[in-house]
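Trainee: quick one, fold the following:
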Amino acid sequence: MNAAPRVLAVIDDLLSAAAPGERGALWHLAEPGRELDANLVRLPSGAEVGEHQEDVLDVLLVALEGAGLLRAGGQVLDLAPGTVLWLPRTSRRALAAGPDGLTYLTVHRRRPGLAIKPPSGAYEGGEGPCMLDRVCPECGRLSQDRSPVFCSRCGERFPER
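Mentor: This next block holds a predicted model:
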């Protein structure tokens, strides 16, 4: 594939077109054959993305509008427009939007397809565990957390169990 560079979105246009109360993923990279994923996410005032850990991918987060806090490794980092964070894989982190909400862009390598593999050693048969309660109802991302509260991609709250 020899794709030519092209403009996919203009962030100011995406933000001005979104309804004031619209939350979650406002845009995501969806081009076929890509090696990256990107998401434009808006969290309303006081919303949180609960503590979670990404075991496979490093994530670049760029704060665009509003303000918030990132809690990770005993640190609290301020998020303001223009702040660029590197979230290394295996780091545990949580996001909280400030009083004016928080809009941010995340960019990371495209996640490999999900596969259920037998444990190392002899395969003993049986069904894989059902993980539907860990799939975000808004964007479809599978959470790595056993009891997720908020989606780490779009910020949507998981249903109560």
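Trainee: mind listing the strands for this structure?
Mentor: For the chain, the strands defined by DSSP state E cover 24-28, 36-43, 48-53, 59-72, 75-79, 84-87, 92-109.
Trainee: which one of those strands lies nearest to Glu156?
Mentor: Distance to Glu156, taken as C-beta to C-beta, is lowest for strand 24-28 among the strands of the chain, at 5.3 Å. For every residue, glycine as well, the C-beta is placed using N, CA and C.
Trainee: and that closest one, how far out from the chain's middle?
Mentor: 10 Å (C-alpha atoms, centre = their mean, to the nearest Å).
Trainee: likewise stretch 137-147?
Mentor: 10 Å.
Trainee: that older thread, among the strands of the chain, which is the most enclosed?
Mentor: strand 36-43 (a mean of 20; mean count of other C-beta atoms under 10 Å).
Trainee: and it with strand 59-72, angle?
Mentor: Here strand 36-43 runs at an angle of 40 degrees relative to strand 59-72 (axes from the mean of the first three to the mean of the last three C-alpha atoms, to 10 degrees).
Trainee: pipe the strands of the chain into CSV and attach distance to Arg134 and mean pLDDT per row.
Mentor: Below are these laid out as CSV (distance: least, C-beta to C-beta, whole Å; pLDDT from 0 to 100):
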stretch, distance to Arg134, mean pLDDT
strand 24-28, 17, 89
strand 36-43, 18, 92
strand 48-53, 11, 89
strand 59-72, 19, 95
strand 75-79, 26, 96
strand 84-87, 20, 94
strand 92-109, 17, 94
